[in-house]
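# here you go, sequence then predicted model.
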Amino acid sequence: MACSWLSFVLGPQLQIGDMRPTTNIVVGASGQIYPNAEPGAAHQGAEIYRANGCACCHTEQVRPRALGSDINRGWGIRRSTGYDYLFEQPVLLGSLRVGPDLANAGRRMDAAAVLLRLYEPRALTPGSIMPPYPFLFDKRRIQGVLSPDALRLPAAFAPPPGYEIVPRPAARALAAYVTSLRQEGYLFEAPPPPQPAAKTNAPAKPMTNSPAK
């Protein structure tokens with residue numbers, strides 16, 4: 001029991017317990033403080049994400065190049081570090097990838113795409129095995145003109161004529177959380193990949209003797 005406590009409680013506390021926001025590495029520009037606390041709507045969306053078991057099928061951690069193809073798939077520009085989760089409580093890392101990793105979902109999707117995928121995943125990805133979440137939306141009769149918040153659905157998934165699908169506040173909060181997931185900027189622990197050295201010693205052009213006139 002003592003060994004387990006030292007390994008799983010004291011060890012992580014010594015490693016990351018005193019971590020604070022740091023300065024990221026922006027190639028070609030000055031660094032910025034990273035990370036920043038997520039907005040209130042995203043914080044509420046994190047609770048909805050957890051309550052609906054999204055972490056059972058999605059992870060939020062980009063693996064190093066040596067341990068997988070996450071970066072090659074475009075799921076991130078670098079591996080995840082402890083700094084990426086400083087303001088998350090609890091941390092929703094996940095352990096199973098039935099769906100793609102969401103650590104940088106905000107770089108790939110906007111709120112409209114997230115809402116559409118929540119209502120009917122197959123409207124964006126034919127054959128998707130992600131379950132729909134229609135209880136996060138209201139089906140209501142159109143009053144005069146289409147609501148600006150109504151989903152723009154393909155004809156195969158559209159409601160009957162005269163009706164519209166509008167996201168509830170919980171759906172909008174969940175979309176705000178997913179689009180806030182951005183592990184941007186390189187860090188000291190995860191620097192940018194080495195750049196090829198510039199060729200400064202290019203061979204001189206051969207000299208030619210012009211014919212005498």
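Nice, I can see it.
# can we go C-alpha only for contacts and neighbour counts from here?
Will do.
# any idea how far apart the tips of stretch 117-125 sit?
Taking Cα to Cα, to the nearest Å, the first and last residues of stretch 117-125 lie 8 Å apart.
# report the mean per-residue pLDDT for it.
For stretch 117-125, mean pLDDT is 94.
# tell me which residues in it are buried?
By neighbour count on 16 or more other Cα atoms under 10 Å, the buried set for stretch 117-125 is 117-123.
# which stretches of this structure form helices?
Taking DSSP state H as the criterion, the chain carries its helices at 2-5, 11-16, 40-51, 105-108, 111-119, 169-179.
# circling back: got TSV for the buried residues of stretch 117-125, with distance to residue 78 too?
Formatted as TSV, these follow (distance: Cα to Cα, whole Å):
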residue	distance to residue 78
117	26
118	27
119	31
120	31
121	28
122	30
123	30
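# where in this protein is pLDDT low?
13-17, 27-30, 197-213 (pLDDT under 70).
# can you give me the strands in it?
Using DSSP state E, the strands found in the chain span residues 22-23, 33-34, 137-141, 163-167.
# please identify the most buried of the ones you listed.
Ranked by mean neighbour count, these are led by strand 163-167 with a mean of 21 (mean count of other Cα atoms under 10 Å).
# let's see that strand as PDB, backbone CA atoms only.
C-alpha atoms of strand 163-167 as PDB (Å, rounded to 0.1, in the frame of the first residue of the first chain):
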ATOM      1  CA  TYR A 163     -40.600  22.400 -38.500                       C
ATOM      2  CA  GLU A 164     -37.000  23.200 -37.400                       C
ATOM      3  CA  ILE A 165     -34.400  21.700 -35.100                       C
ATOM      4  CA  VAL A 166     -33.000  24.100 -32.500                       C
ATOM      5  CA  PRO A 167     -30.200  23.300 -30.000                       C
END
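# show me how far that strand is from its chain's centre.
Centroid separation between strand 163-167 and its chain, computed with Cα atoms, centre = their mean, to the nearest Å, is 26 Å.
# same deal with stretch 156-175?
In terms of Cα atoms, centre = their mean, the centre of stretch 156-175 is set 23 Å apart from its chain centre.
# which outside residues touch it?
Under the criterion Cα atoms under 8 Å, 6 or more residues apart in numbering, residues 41-42, 44-46, 48-49, 111, 114-115, 118, 120, 123, 136-142, 146-147, 149-151 lie in contact with stretch 156-175.
# tell me, what residue is most central in this structure?
The residue lying closest to the centre of the chain (Cα atoms, centre = their mean) is residue 104, at 1.9 Å.
# for residue 165, list each beta-bridge partner.
Counting by DSSP bridges, residue 165 forms beta bridges with residue 139.
# what about it, distance to residue 44?
Residue 165 is 22 Å from residue 44, where distance means Cα to Cα.
# with residue 140 instead?
Separation of residue 140 from residue 44 (Cα to Cα) stands at 25 Å.
# next one: residue 91
Counting by Cα to Cα - residue 91 and residue 44 are separated by 14 Å.
# so those two - more neighbours on which side?
residue 44 (17 against 13; other Cα atoms under 10 Å).
# show me the contacts for the more buried one.
For residue 44, the contact set (Cα under 8 Å, 6+ apart) comprises 173-174, 177.
# want to throw those residues into JSON lines with neighbour count and distance to residue 96?
As requested, these are arranged in JSON lines below (neighbours: other Cα atoms under 10 Å; distance: Cα to Cα, whole Å):
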{"residue": "173", "neighbour count": "23", "distance to residue 96": "24"}
{"residue": "174", "neighbour count": "26", "distance to residue 96": "20"}
{"residue": "177", "neighbour count": "25", "distance to residue 96": "20"}
